[in-house]
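*Asks:* Please work out how this folds:
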Amino acid sequence: MQLWGKSLLEESSPYYDRYELVGKGTITIAIVGVDSRLGVQQARADANHVLRISLDRGTIKILSVPRGTYADAGFSSKALNILANYRARKGRSAYLAKLAEITGVGKIDYYVEVGFSQAIGIFELLGFKGSAVTTLHLLRTRKAFGTGDHQRCYNQAQFIRQMLLKHFPRREGMLDALSLRAALAIAETNLRYDVVQMIIAALRAKGFPRGPQDVTVELCPRRVRVQEFDLSSPEKVTALAKVLDRRMQKAKVMPSVPTFRPHRYQQRLHRMLITAAHALDRGNARYAIAVLERPYAQRAWLQLPDEYMREQYMKLMCSTLIEAYQATGNILKAEDVRYFLVQLGVQSDVVEGTTGSGHHERLQH
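*Replies:* Predicted structure coming up:
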């Protein structure tokens with residue numbers, strides 16, 4: 001069975017060890033924001049952060065690397081040899097090793113990787129429901145700052161820091177069992193729920209957080225002076241986003257057309273579901289898998305603004321994939337999808353079994 005997007009067959013990976021905490025004083029977790037378009041496998045690493053968690057001292061240092069940091073990815077053009085493209089060219093494992101080298105942590109134990117849709121889902125779990133898209137927009141903004149990506153990178157790290165300080169003292173909310181399981185299910189990660197619980201318990205045993213000084217941020221390398229912003233609440237984020245948008249409009253660097261248009265995105269997602277459903281109804285399960293496997297991994301439905309449509313698209317995508325995996329004899333992957341739905345609290349015929357053919361008819365109602 002697959003847990004949090006990583007199958008048991010992959011437990012031999014150097015980045016996956018269920019006993020990683022035993023005898024360790026420090027844990028490293030990479031938090032990576034990827035720019036991966038709908039259905040596209042290749043992903044650039046646009047947000048690069050490493051949490052260095054000291055279990056002995058009860059402190060966390062966030063080491064953040066701007067996406068344009070030099071990393072030789074093998075391109076003939078030096079301008080393309082940056083960390084963001086290193087992830088796209090070399091793959092996740094090589095990227096994590098490079099990120100560990102740049103930050104000086106030696107080895108990255110775990111990773112949490114999120115695309116646009118996944119980030120929206122996690123922001124909502126953090127209490128930014130209704131402003132998750134604005135939060136994503138703000139954390140991706142760089143043209144409003146003279147220091148560009150360095151400030152953007154620092155803003156992202158500060159958001160992580162402020163969320164840790166905000167949620168850690170609480171015994172409910174983001175750190176309750178359901179929200180943690182949902183967050184891990186949404187992301188692509190090799191972190192297990194029980195490992196996260198052990199990290200939380202170890203930090204709390206040290207009194208974390210005793211104050212703001214227990215979570216620090218360091219840019220790698222830090223070459224510019226950066227600004228501090230309060231990103232701790234939806235209201236603060238929304239107000240700052242408006243200020244930055246006005247700044248970009250004044251500088252004439254604001255896109256004339258929104259880069260993300262929900263209606264067109266839903267149309268594309270709808271076409272993918274229709275195509276996969278028709279392929280499955282014709283007995284071409286492998287093609288249905290090829291169409292939907294990547295959007296499923298991206299949790300693509302989470303960018304739909306309407307919650308009812310989100311749920312319907314998620315269930316249709318999952319039920320189609322379950323049936324397609326079963327048709328190709330890949331029972332483990334079918335169980336993975338069912339398990340994912342269980343983590344989100346979905347109890348329906350999608351989990352118990354599929355409803356047969358005719359997926360395209362269900363899409364049109």
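*Asks:* quick one: the helices in the stretch 151-300 of the chain?
*Replies:* Secondary structure of the stretch 151-300 of the chain by DSSP state H, counting those that start in this stretch: the helices cover 177-186, 193-205, 234-250, 262-281, 285-297.
*Asks:* nearest to G58, of those helices?
*Replies:* helix 193-205 (5.5 Å; Cβ to Cβ). C-betas here are computed from N, CA, C, even on glycine.
*Asks:* Measure how far that closest one is from the centre of its chain, please.
*Replies:* A distance of 21 Å separates the centroid of the chain from that of helix 193-205, by Cα atoms, centre = their mean, to the nearest Å.
*Asks:* right, and T275 touches A290 too?
*Replies:* No - judged on Cβ atoms under 8 Å, T275 makes no contact with A290 at a distance of 9.9 Å.
*Asks:* Include mean pLDDT, mean neighbour count and distance to I120 when you put the helices of the stretch 151-300 of the chain into CSV, please.
*Replies:* Compiled in CSV, the helices of the stretch 151-300 of the chain are given as follows (pLDDT from 0 to 100; neighbours: other Cβ atoms under 10 Å; distance: least, Cβ to Cβ, whole Å):
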stretch, mean pLDDT, mean neighbour count, distance to I120
helix 177-186, 93, 18, 9
helix 193-205, 94, 16, 21
helix 234-250, 96, 15, 13
helix 262-281, 96, 17, 11
helix 285-297, 97, 20, 14
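*Asks:* and A30, which of the three is it?
*Replies:* strand (DSSP: H, G, I helix; E, B strand; the rest coil).
*Asks:* circling back to that earlier point, same list (the helices of the stretch 151-300 of the chain) but as CSV, adding distance to E323.
*Replies:* Shown next, in CSV, are the helices of the stretch 151-300 of the chain (distance: least, Cβ to Cβ, whole Å):
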stretch, distance to E323
helix 177-186, 21
helix 193-205, 28
helix 234-250, 39
helix 262-281, 6
helix 285-297, 8
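*Asks:* Nearest approach to Q42 belongs to which of these?
*Replies:* helix 285-297 (10.1 Å).
*Asks:* So what's the gap between the closest one and the chain middle?
*Replies:* Worked out by Cα atoms, centre = their mean, helix 285-297 lies 19 Å from the chain centre.
*Asks:* helices or strands up against that helix?
*Replies:* helix 262-281, helix 307-327 (3 or more Cβ pairs under 8 Å, 6 or more residues apart in numbering; DSSP states H and E).
*Asks:* hmm, back to that, so which of the helices of the stretch 151-300 of the chain is nearest D35?
*Replies:* It's helix 285-297; of the helices of the stretch 151-300 of the chain, that one is closest to D35 (Cβ to Cβ) at 14.2 Å.
*Asks:* how about the CA coordinates for the closest one, as PDB?
*Replies:* Output of helix 285-297 as PDB, limited to C-alpha atoms (Å, rounded to 0.1, in the frame of the first residue of the first chain):
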ATOM      1  CA  ALA A 285      -7.500   1.600 -19.400                       C
ATOM      2  CA  ARG A 286      -3.800   2.400 -19.900                       C
ATOM      3  CA  TYR A 287      -4.600   5.500 -21.800                       C
ATOM      4  CA  ALA A 288      -7.100   6.600 -19.100                       C
ATOM      5  CA  ILE A 289      -4.200   6.200 -16.600                       C
ATOM      6  CA  ALA A 290      -1.800   8.200 -18.800                       C
ATOM      7  CA  VAL A 291      -4.300  11.100 -18.900                       C
ATOM      8  CA  LEU A 292      -5.200  11.200 -15.200                       C
ATOM      9  CA  GLU A 293      -2.300   9.900 -13.200                       C
ATOM     10  CA  ARG A 294      -0.400  13.200 -13.200                       C
ATOM     11  CA  PRO A 295      -3.400  15.500 -12.500                       C
ATOM     12  CA  TYR A 296      -4.300  13.100  -9.600                       C
ATOM     13  CA  ALA A 297      -0.800  13.400  -8.200                       C
END
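*Asks:* between that helix and helix 307-327, how many degrees?
*Replies:* 140 degrees (axes from the mean of the first three to the mean of the last three Cα atoms, to 10 degrees).
*Asks:* which outside residues touch helix 285-297?
*Replies:* 5, 38-41, 188, 269, 272-273, 275-277, 279-280, 317-318, 320-321, 323-325, 327-328, 337 (Cβ atoms under 8 Å, 6 or more residues apart in numbering).
*Asks:* what does stretch 261-280 give?
*Replies:* 38-39, 285, 287-288, 291-292, 295, 300-301, 303-305, 309, 313, 316-317, 320, 323-324, 327, 357, 359-360, 363.
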